[in-house]
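# structure for the following, please:
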Amino acid sequence: MNTGNKNILAVNGGSSSIKFSLYTGDEPPVRWLSGKITRIGLPDAELTFTDNRNNTNGKIPVKAEGVPGAALFLAGWLEQQEGVLPLAGVGHRVVHGLQHRQAARVDDALLDDLRRISSYDPDHLPGEIELIRIFREHRPHIPQIACFDTAFHSTLPQVARQLPIPRRYSEAGVQRYGFHGLSYTYILEELTRIAGAPVAGGSVILAHLGNGASLAAVKDGRSIDTTMGFTPAGGIMMGTRPGDLDPGVLWWLTDREKLDAGRLSHLINKECGLLGVSATSPDMQDLLEKESTDPRAAEAVALFCYQVKKTIGAYCAVLGGLDTLVFTGGIGERSAAVRSRICSGLGWLGIQLDQRANANNHLFLSCEDTRVGVYAIPTDEESIIARTVKHFL
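Here you go, the predicted model:
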């Protein structure tokens with residue numbers, strides 16, 4: 001299909017928000033309209049947008065009880081905007097696809113597969129499935145392309161992929177998949193553009209730190225290990241997820257609290273992490289503001305930074321050294337305090353931050369004479385979705 005005179009829509013849906021961007025069909029695609037619907041299900045839900053054609057910004061209230069209503073509102077609003085139609089295709093970020101890793105055109109069979117595994121990732125998959133369903137029903141003739149977060153980690157060696165459980169479960173697909181792959185794909189491309197192919201092809205640790213957080217060890221441009229495992233609940237602690245947890249804690253909880261599978265899933269995905277430790281908030285900025293007066297907030301921040309630092313050390317062993325460390329995600333891009341605490345004490349690895357550059361959220365954060373280059377690079381998953389759609393079509 002020739003997409004040159006048609007637009008490409010990239011949709012990145014979550015449990016309480018939908019991000020979107022419209023791109024031209026050029027090579028590479030060029031973003032001209034972007035925005036997001038936030039606080040879905042709450043009275044103050046709103047759509048904010050930026051139109052790059054005339055450098056305008058705007059926001060409008062959204063009345064929608066859930067993701068389906070918000071998706072219908074977005075589809076209708078987009079069609080009212082001049083220049084949006086015709087569309088060549090719609091690309092959707094899909095966090096987990098189990099055996100599906102490479103981009104695929106959405107059909108009934110793929111949707112059925114995703115519904116069967118939606119409980120593995122209750123934070124993302126149910127909302128993503130609803131978005132796909134609604135856009136398919138609204139414009140059935142437009143191709144819908146699923147772009148999987150797990151694709152980037154398809155290069156994991158067996159020793160990193162395998163989990164220490166009975167082989168019959170491994171053969172059924174229970175293994176490390178890894179996530180944040182669209183983000184990592186973009187960051188590695190940006191690192192190549194900014195610092196050159198030799199740097200991006202060296203021993204690199206990518207740290208996507210946000211409400212969901214993970215790290216990846218990358219060598220020769222290939223993912224060789226990552227913190228998230230079979231689901232996005234594994235790895236380091238996150239906003240509301242615990243990361244890796246002693247299995248004994250789970251059966252202690254199920255026995256003590258008499259939790260069924262659904263209640264346990266809610267506990268793990270919604271009540272742990274920064275929120276659980278602080279007992280107040282899953283938001284890192286909130287906790288940084290409270291830590292001087294609330295020891296629980298201070299402990300949550302300290303535990304997060306400690307786990308990231310520990311993982312960096314472990315991945316240096318996996319990589320056989322370290323050339324480059326890249327921070328991205330909401331916390332990684334914007335929290336100088338968190339970056340500083342993570343990197344503190346890592347001078348023996350060759351990591352030393354330029355504190356002025358770090359405080360001002362510069363792109364390059366290292367002192368000039370240190371061996372390891374440290375960067376803070378904003379991610380852009382939607383641009384990867386758009387390019388994936390164009391190449392797929």
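# could I get the full set of helices for the stretch 101-250 of the chain?
Counting by DSSP state H, counting those that start in this stretch, the stretch 101-250 of the chain has helices at residues 108-116, 125-138, 158-161, 167-171, 181-195, 197-200, 247-257.
# tell me what the fourth one is packed against?
Helices and strands touching helix 167-171, as assessed by 3 or more C-beta pairs under 8 Å, 6 or more residues apart in numbering; DSSP states H and E, are absent. Just so you know, the C-beta spots here come from the backbone N, C-alpha and C atoms, and that holds for glycine as well.
# what's next to it, contact-wise?
Contact with helix 167-171 is made by 162-163, as judged by C-beta atoms under 8 Å, 6 or more residues apart in numbering.
# now do the longest one
Contacts of helix 181-195 from elsewhere in the structure, counted by C-beta under 8 Å, 6+ apart, are 93, 147-153, 199-200, 204, 206, 208, 216, 218, 221, 223, 324, 326, 328-329, 363, 373, 375, 377, 379-381, 383-385.
# hey, C-alpha coordinates of it in CSV?
What follows is helix 181-195, C-alpha atoms only, in CSV (Å, rounded to 0.1, in the frame of the first residue of the first chain):
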residue,chain,number,x,y,z
GLY,A,181,10.6,-2.5,23.8
LEU,A,182,9.2,0.4,21.7
SER,A,183,10.8,2.9,24.0
TYR,A,184,14.1,1.0,23.9
THR,A,185,14.0,0.8,20.1
TYR,A,186,13.6,4.6,19.9
ILE,A,187,16.3,5.3,22.5
LEU,A,188,18.8,3.1,20.8
GLU,A,189,18.2,4.9,17.5
GLU,A,190,18.5,8.3,19.2
LEU,A,191,21.7,7.2,20.8
THR,A,192,23.1,6.3,17.4
ARG,A,193,22.0,9.7,16.0
ILE,A,194,23.4,11.6,19.0
ALA,A,195,26.6,9.8,19.8
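# just the buried residues of stretch 310-323, please?
Within stretch 310-323, the residues that count as buried by 16 or more other C-beta atoms under 10 Å are 311-312, 315-316, 319, 322-323.
# typo on my end, stretch 189-201
In terms of neighbour count (16+ other C-beta under 10 Å), stretch 189-201 has its buried residues at 189-191, 195, 200-201.
# could you name the helices and strands sitting against the host helix or strand of residue 374?
When elements are assigned from DSSP states H and E, residue 374 belongs to strand 373-376. Counting contacts by 3+ C-beta pairs under 8 Å, 6+ apart, strand 373-376 is packed against helix 181-195, strand 324-328, helix 336-343.
# what about residue 45, distance to residue 225?
39 Å (C-beta to C-beta, to the nearest Å).
# higher neighbour count, the two?
Higher neighbour count among residue 45 and residue 225: residue 225, with 23 against 20, using other C-beta atoms under 10 Å.
# still on that earlier bit, can I get the buried residues of stretch 310-323 in a markdown table with distance to residue 248 and pLDDT?
Listed next are the buried residues of stretch 310-323 as a markdown table, based on distance: C-beta to C-beta, whole Å; pLDDT from 0 to 100:
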| residue | distance to residue 248 | pLDDT |
| --- | --- | --- |
| 311 | 22 | 98 |
| 312 | 27 | 98 |
| 315 | 26 | 98 |
| 316 | 29 | 98 |
| 319 | 31 | 98 |
| 322 | 33 | 98 |
| 323 | 38 | 98 |
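# can I get those residues in TSV with secondary structure and distance to residue 100?
Below are the buried residues of stretch 310-323 laid out as TSV (DSSP: H, G, I helix; E, B strand; the rest coil; distance: C-beta to C-beta, whole Å):
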residue	secondary structure	distance to residue 100
311	helix	27
312	helix	31
315	helix	27
316	helix	32
319	helix	29
322	coil	32
323	coil	33
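# which two of the residues you listed have the greatest separation?
Distance extremes for the buried residues of stretch 310-323: the farthest pair is 311 and 323 at 16.9 Å, using C-beta to C-beta.
# nearest to residue 304, of the helices and strands packed on strand 373-376?
Nearest of the helices and strands packed on strand 373-376 (C-beta to C-beta): helix 336-343, 7.4 Å.
# between that closest one and strand 324-328, how many degrees?
Counting by axes from the mean of the first three to the mean of the last three C-alpha atoms, to 10 degrees, helix 336-343 points 150 degrees away from the direction of strand 324-328.
# return the set of buried residues in the following helix or strand past helix 336-343.
Next helix or strand after helix 336-343 toward the C-terminus (DSSP H and E): helix 355-359. Buried residues in helix 355-359, counting neighbours by 16+ other C-beta under 10 Å, are found at 357-358.
# quick check: mean pLDDT across helix 355-359?
Mean pLDDT, helix 355-359: 97.
# what packs against that helix?
Judged by 3+ C-beta pairs under 8 Å, 6+ apart, helix 355-359 is in contact with helix 336-343.
# quick one: distance of the helix it packs on to the chain centre.
Centre-to-centre, helix 336-343 and its host chain are 20 Å apart (C-alpha atoms, centre = their mean, to the nearest Å).
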